[in-house]
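S.K.: Take a look and give me a structure for this.
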Amino acid sequence: MKRVITYGTFDMLHYGHINLLRRAKEQGDYLIVALSTDEFNWREKQKKCYFSYEKRKMLLEAIRYVDLVIPEESWEQKKSDIHEYHVDTFVIGDDWKGKFDFLKEEGAEVVYLERTPEISTTQIKHDLNGK
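M.R.: Model (predicted):
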(Lines give C-alpha, C1' and ligand atoms only; values in the text may rest on other atoms or scores of the structure.)
Protein backbone atom coordinates (compact mmCIF):
# COMPACT_ATOMS: atom_id res chain seq x y z
CA MET A 1 0.00 0.00 0.00
CA LYS A 2 1.38 3.40 -1.00
CA ARG A 3 0.82 6.03 1.69
CA VAL A 4 0.54 9.74 0.91
CA ILE A 5 0.54 12.68 3.31
CA THR A 6 -0.40 16.32 2.84
CA TYR A 7 -0.60 19.27 5.24
CA GLY A 8 -2.83 22.29 5.53
CA THR A 9 -5.32 24.41 7.42
CA PHE A 10 -8.33 23.64 5.20
CA ASP A 11 -10.39 26.47 6.67
CA MET A 12 -13.48 27.53 4.72
CA LEU A 13 -13.28 24.32 2.69
CA HIS A 14 -13.78 24.91 -1.05
CA TYR A 15 -13.42 23.11 -4.38
CA GLY A 16 -9.73 24.02 -4.62
CA HIS A 17 -9.15 22.01 -1.43
CA ILE A 18 -11.18 19.10 -2.80
CA ASN A 19 -9.20 19.23 -6.03
CA LEU A 20 -5.91 19.10 -4.10
CA LEU A 21 -7.12 16.18 -1.95
CA ARG A 22 -8.35 14.24 -4.99
CA ARG A 23 -5.05 14.69 -6.79
CA ALA A 24 -3.09 13.83 -3.64
CA LYS A 25 -5.07 10.59 -3.28
CA GLU A 26 -4.24 9.75 -6.91
CA GLN A 27 -0.58 9.59 -5.83
CA GLY A 28 -1.22 6.46 -3.77
CA ASP A 29 -3.67 4.21 -1.94
CA TYR A 30 -4.03 5.84 1.49
CA LEU A 31 -4.21 9.60 2.12
CA ILE A 32 -3.26 11.12 5.46
CA VAL A 33 -4.10 14.78 6.02
CA ALA A 34 -2.12 16.58 8.72
CA LEU A 35 -4.50 19.35 9.74
CA SER A 36 -3.07 22.46 11.37
CA THR A 37 -4.40 22.90 14.89
CA ASP A 38 -5.89 26.21 15.99
CA GLU A 39 -2.92 26.78 18.32
CA PHE A 40 -0.36 26.07 15.57
CA ASN A 41 -2.18 28.37 13.14
CA TRP A 42 -2.18 31.22 15.63
CA ARG A 43 1.31 30.69 17.11
CA GLU A 44 3.21 29.98 13.88
CA LYS A 45 1.11 31.48 11.09
CA GLN A 46 -0.64 34.34 12.94
CA LYS A 47 -3.83 33.01 11.36
CA LYS A 48 -7.20 32.74 13.10
CA CYS A 49 -9.46 30.12 11.59
CA TYR A 50 -13.15 30.59 10.99
CA PHE A 51 -13.85 26.93 11.83
CA SER A 52 -12.32 25.20 14.84
CA TYR A 53 -9.89 22.31 14.44
CA GLU A 54 -12.61 19.80 15.38
CA LYS A 55 -15.04 21.15 12.78
CA ARG A 56 -12.35 21.27 10.07
CA LYS A 57 -11.38 17.70 10.99
CA MET A 58 -15.00 16.56 10.74
CA LEU A 59 -15.30 18.12 7.26
CA LEU A 60 -12.10 16.45 6.05
CA GLU A 61 -13.13 13.06 7.43
CA ALA A 62 -16.33 13.27 5.37
CA ILE A 63 -14.36 13.55 2.12
CA ARG A 64 -14.01 10.22 0.33
CA TYR A 65 -10.39 10.85 -0.66
CA VAL A 66 -9.23 11.24 2.96
CA ASP A 67 -8.38 8.12 4.94
CA LEU A 68 -6.93 9.62 8.13
CA VAL A 69 -6.72 13.10 9.69
CA ILE A 70 -3.96 13.83 12.20
CA PRO A 71 -3.08 17.10 13.97
CA GLU A 72 -0.27 19.29 12.68
CA GLU A 73 1.21 20.95 15.75
CA SER A 74 4.64 22.08 14.51
CA TRP A 75 6.63 22.67 11.33
CA GLU A 76 9.20 20.11 12.48
CA GLN A 77 6.83 17.13 12.78
CA LYS A 78 6.90 16.37 9.04
CA LYS A 79 10.05 14.24 9.38
CA SER A 80 8.66 12.17 12.24
CA ASP A 81 5.24 11.82 10.54
CA ILE A 82 6.90 10.27 7.48
CA HIS A 83 8.44 7.57 9.67
CA GLU A 84 5.55 7.09 12.12
CA TYR A 85 2.94 6.69 9.37
CA HIS A 86 5.23 4.89 6.87
CA VAL A 87 4.68 7.59 4.25
CA ASP A 88 5.86 7.03 0.68
CA THR A 89 4.86 10.38 -0.83
CA PHE A 90 4.63 13.90 0.60
CA VAL A 91 2.25 16.12 -1.41
CA ILE A 92 1.66 19.86 -1.08
CA GLY A 93 0.64 22.82 -3.25
CA ASP A 94 3.19 24.25 -5.64
CA ASP A 95 3.22 27.56 -3.78
CA TRP A 96 5.65 25.68 -1.47
CA LYS A 97 7.83 24.45 -4.37
CA GLY A 98 11.31 23.48 -3.17
CA LYS A 99 10.60 24.15 0.51
CA PHE A 100 10.16 20.48 1.46
CA ASP A 101 12.74 18.80 -0.77
CA PHE A 102 14.67 17.89 2.40
CA LEU A 103 11.99 15.24 3.07
CA LYS A 104 13.47 13.16 0.24
CA GLU A 105 16.30 12.40 2.69
CA GLU A 106 13.67 10.79 4.95
CA GLY A 107 12.76 8.38 2.14
CA ALA A 108 9.64 10.10 0.83
CA GLU A 109 8.95 11.22 -2.69
CA VAL A 110 8.06 14.94 -2.68
CA VAL A 111 5.34 16.11 -5.08
CA TYR A 112 4.25 19.74 -5.57
CA LEU A 113 0.77 19.91 -7.09
CA GLU A 114 -0.43 22.91 -9.05
CA ARG A 115 -3.02 24.87 -7.12
CA THR A 116 -6.48 25.50 -8.54
CA PRO A 117 -5.66 28.98 -9.91
CA GLU A 118 -8.98 30.79 -9.62
CA ILE A 119 -9.78 29.95 -5.99
CA SER A 120 -8.19 30.43 -2.57
CA THR A 121 -9.41 30.97 0.96
CA THR A 122 -7.64 34.34 0.95
CA GLN A 123 -9.49 35.35 -2.22
CA ILE A 124 -12.84 34.24 -0.76
CA LYS A 125 -12.25 36.33 2.38
CA HIS A 126 -11.17 39.29 0.25
CA ASP A 127 -14.25 39.04 -1.99
CA LEU A 128 -16.64 38.67 0.96
CA ASN A 129 -15.17 41.77 2.57
CA GLY A 130 -15.82 43.69 -0.63
CA LYS A 131 -12.23 44.82 -1.00
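
S.K.: okay, CA-based contacts and neighbour counts for the rest of this
M.R.: OK.

S.K.: What lies in contact with stretch 28-36?
M.R.: Applying Cα atoms under 8 Å, 6 or more residues apart in numbering, the contact partners of stretch 28-36 are 1-10, 24-25, 53, 57, 65-73, 89.

S.K.: List the ones among those that fall in strands.
M.R.: 3, 4, 5, 6, 7, 8, 68, 69, 70, 71, 72, 89 (DSSP state E).

S.K.: which of those count as buried?
M.R.: Buried members of the ones in strands among the contacts of stretch 28-36, scored by 16 or more other Cα atoms under 10 Å, are 3, 4, 5, 6, 7, 8, 69, 71, 72, 89.

S.K.: With pLDDT and distance to residue 45 as extra columns, can I get the residues you listed in TSV?
M.R.: Formatted as TSV, these follow (pLDDT from 0 to 100; distance: Cα to Cα, whole Å):
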residue	pLDDT	distance to residue 45
3	98	27
4	98	24
5	98	20
6	98	17
7	97	14
8	95	11
69	98	20
71	98	15
72	97	12
89	98	25
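
S.K.: So of the residues you listed, which two are at opposite extremes in space?
M.R.: Based on Cα to Cα, the longest span within these runs between 71 and 89 and measures 18.1 Å.

S.K.: Show me the shaky parts of this protein.
M.R.: Low-confidence segments of the chain (pLDDT under 70): 119, 122, 124-125, 131.

S.K.: Go through this structure and flag its longest helix.
M.R.: helix 15-25 (DSSP state H).

S.K.: packing partners for it?
M.R.: Helices and strands touching helix 15-25, by 3 or more Cα pairs under 8 Å, 6 or more residues apart in numbering; DSSP states H and E, are strand 3-8, strand 109-113.

S.K.: In the ones in strands among the contacts of stretch 28-36, find the pair that's most separated.
M.R.: 71 and 89 (18.1 Å).

S.K.: Give me the three-state assignment for residue 32.
M.R.: Following DSSP: H, G, I helix; E, B strand; the rest coil, residue 32 is assigned to strand.

S.K.: how close does it get to residue 95?
M.R.: Separation of residue 32 from residue 95 (Cα to Cα, to the nearest Å) stands at 20 Å.
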